[in-house]
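> generate coordinates for the sequence data below:
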Amino acid sequence: MVRTVDAVVVGAGPNGLVAANALVDAGWDVLVLEEQHDVGGAVRTAEVAAPGYRTDLFSAFYPLAAGSPVIRDLHLERHGLAWSHAPSVLAHVLDDGPAAVLRTDPEDTAAGLEEHAPGDGDAWLRMFAGWSRVRDPLLDALFSPLPAAGPVLRVLRRLRVGGTLDLARLAVLPVRRLADETFRGESGGLLLTGNAMHADVPPDAAGSGVFGWLLAMLGQDVGFPVPVGGAGALATALAARVRAGGGEIVTGTRVERVLVAGGRAVGVRTADGERVRARRAVLADVSAPALYRDLVGTEHLPARLVRDLDRFQWDHPTFKVNWALGRPLAWTDPGAHGAGTVHLGVDRMGFVDVAAALSKGRAPERPFLVLGQMTTADPTRSPAGTESAWAYTHVPHGITWTADAVAAQVRRVEDALDRAAPGFRDTVVGRTVQSPADLQGADANLAGGAVNGGTSAVHQQIFLRPTPGLGRPATPVEGLYLASASAHPGGGVHGACGWNAARVALAAAHPWGALPRRLARSAWGRLLRDG
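Predicted structure coming up:
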């Protein structure tokens, strides 16, 4: 017997769960199918380094979730989610020199920058004032389906012509240039550049400035909060909300194929042979290459799209080390002690060296690290007086992660920590390593250890994401929607990719959605016709 539902959501990562929530809110009968035995995708927590130490296996801090109107409007606190904040948002620690600290109050952050370079405090406050002026319409525009005309018009009304041109310039400005134009000293540039390096855009490349600015301003605005008890609590709350709305989530079930008939997605087939019919839509929280090549099959796709997939670019792989520490890190700079997130390993010129090594296919000998002091941010993560910590860094594609290669990379990471927090290795009571291969094994969406669903470079953003087209979650297969980080607006736990896919699916299913749907398919035809 074939089961029938209104919509099948493939994947119970945060985007898939947000999409399912939007659909159940609209009264649809929704089934979510997840390959792993736990929900969450790259939002999961487990005790892996040592008993009593809770480790976020993938993502951990959530400024995008805290700032996202999508996540906020789901009211996940009603389903058990609670947020916790570290005393300070972020610190960038140098081997020699003062740390740059992003504190919870803008005036306090500015005061620290002013100590390092007169005038930089005022520059920080001017930057934050500009962010505050445009924040709400900008986030609405960023997290809405393209062309997002309403939010864009609100941005234009607030900024007028001059401010809009400045914002457009910021969108393509390299972060090093942004820092040079804004600050006299190094500290402000460290805060911007370190945040920019969370993505895979080099510091001298177009578009890196807006990433650094966005994360730094979100950090100053909403902080870098963490879910109490672990990142998995966010996924658990999303799943609880789906179930409370009448949706069903089945884990441990891999979708093997999207079933297509007459150019329309009509359901899915699982690896154990079960077929599920979808009356209205299939939404896929999987990477674009996996959706098109593996689940749909190129025989159902326009030749142009198949060719464009050959040019799809992944972001840099991630290498992550998790530790159970017997005591907090003994940072040489006291500014890092209360920071939930710590950047370390390089100074401003070191960022350039890291980007150059990655572009040459080499693991940087002195990597840039993003480190989480999780017990500092949330005391429930480990016993009192200890620290649950992790650090990740980007590495190039093409490395075979043998035991020797893993050991060499762990040495680079721990050497950086020993320079910034002497005696670090003596505090380790447990450790586990996640190489890029391990990350992919734990979540198939993290192909090759890439965690953002594809590069964040400008050539694969907005209407170019995941391939040149409409920049919308609809696909050339009617009734099939891309709901993962491979879709606009890309990586980060903000839920917008899933929310946008659900919004477009709901509109297409509405009688008044017939005309827009025909127009969209006509546009796809023009864009993807054989050339």
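
> which strands or helices does the longest strand belonging to the chain pack on?
Criterion DSSP state E: the longest strand present in the chain is strand 275-284. Under the contact criterion of 3 or more C-beta pairs under 8 Å, 6 or more residues apart in numbering; DSSP states H and E, strand 275-284 touches strand 3-10, helix 14-25, strand 255-261, strand 264-270, strand 480-482, helix 496-509. Where you see a C-beta, it was placed from the backbone N, CA and C, and this is true even at glycine.

> what does the fourth one rub up against?
Residues from elsewhere that reach strand 264-270 (C-beta atoms under 8 Å, 6 or more residues apart in numbering): 2, 8, 10, 33, 253-260, 275-278, 281-282, 295-296, 477-480.

> quick one: the helices in the stretch 201-350 of the chain?
Taking DSSP state H, counting those that start in this stretch to define them, one finds helices in the stretch 201-350 of the chain at 208-222, 232-244, 288-289, 303-309, 348-359.

> just say which of those helices is most tucked in.
Mean neighbour count, computed with mean count of other C-beta atoms under 10 Å, is highest for helix 208-222 among the helices of the stretch 201-350 of the chain, reaching a mean of 24.

> okay, it in CSV with CA atoms only?
Extracted in CSV, the C-alpha atoms of helix 208-222 (Å, rounded to 0.1, in the frame of the first residue of the first chain):
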residue,chain,number,x,y,z
SER,A,208,34.1,39.2,2.1
GLY,A,209,33.4,42.6,3.7
VAL,A,210,29.6,42.1,3.9
PHE,A,211,30.1,38.7,5.6
GLY,A,212,32.4,40.2,8.2
TRP,A,213,30.1,43.2,8.7
LEU,A,214,26.9,41.1,9.0
LEU,A,215,28.3,38.6,11.6
ALA,A,216,30.1,41.3,13.6
MET,A,217,27.0,43.5,13.7
LEU,A,218,24.7,40.6,14.6
GLY,A,219,27.1,39.7,17.3
GLN,A,220,26.9,43.2,18.7
ASP,A,221,23.1,43.2,18.3
VAL,A,222,21.9,39.8,19.4
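
> just want the angle from that helix to helix 348-359.
Computed by axes from the mean of the first three to the mean of the last three C-alpha atoms, to 10 degrees, the angle separating helix 208-222 from helix 348-359 equals 120 degrees.

> which secondary structure elements does helix 208-222 sit against?
Contacting helix 208-222 under the criterion 3+ C-beta pairs under 8 Å, 6+ apart are the following elements: helix 63-67, strand 88-92, strand 100-103, helix 120-142, helix 149-172, helix 175-182, helix 186-196.

> tell me the secondary structure at Thr444.
For residue 444 the amino acid is Ala, not Thr. Counting by DSSP: H, G, I helix; E, B strand; the rest coil, the backbone at Ala444 sits in coil.

> in which helix or strand does the residue nearest to it when sequence neighbours are not counted reside?
Nearest non-adjacent residue to Ala444, counting by C-beta to C-beta, 6 or more residues apart in numbering: Glu35, 6.5 Å away. Assigned by DSSP states H and E, Glu35 belongs to neither a helix nor a strand.

> ok, for Val43, nearest residue in space, not its chain neighbours?
Val43 sits nearest to Ala235 (C-beta to C-beta, 6+ apart), 4.5 Å away.

> so that neighbour sits against Pro14, correct?
Yes. In this structure Ala235 lies within contact range of Pro14 using C-beta atoms under 8 Å: 6.5 Å.

> which residues do the two both contact?
Common contacts of Ala235 and Pro14 (C-beta under 8 Å, 6+ apart): 40-41, 43.

> buried ones among these?
Buried by 16 or more other C-beta atoms under 10 Å: 40-41, 43, out of the shared contacts of Ala235 and Pro14.

> restricted to strands, list these.
Among these, no member falls in strands (DSSP E).

> closest one of these to Pro317?
Distance to Pro317, by C-beta to C-beta, is smallest for Gly41 among those, at 17.0 Å.

> grab the nearest non-local neighbour of the residue nearest the centre of the chain.
The chain has Gly492 as the residue nearest its centroid, 1.8 Å off, counting by C-alpha atoms, centre = their mean. Of all residues not flanking Gly492 in the chain, Leu64 sits nearest, at 4.2 Å (C-beta to C-beta, 6+ apart).

> ok, now how distant is that neighbour from Gly41?
Distance of Leu64 to Gly41, given as C-beta to C-beta, to the nearest Å: 15 Å.
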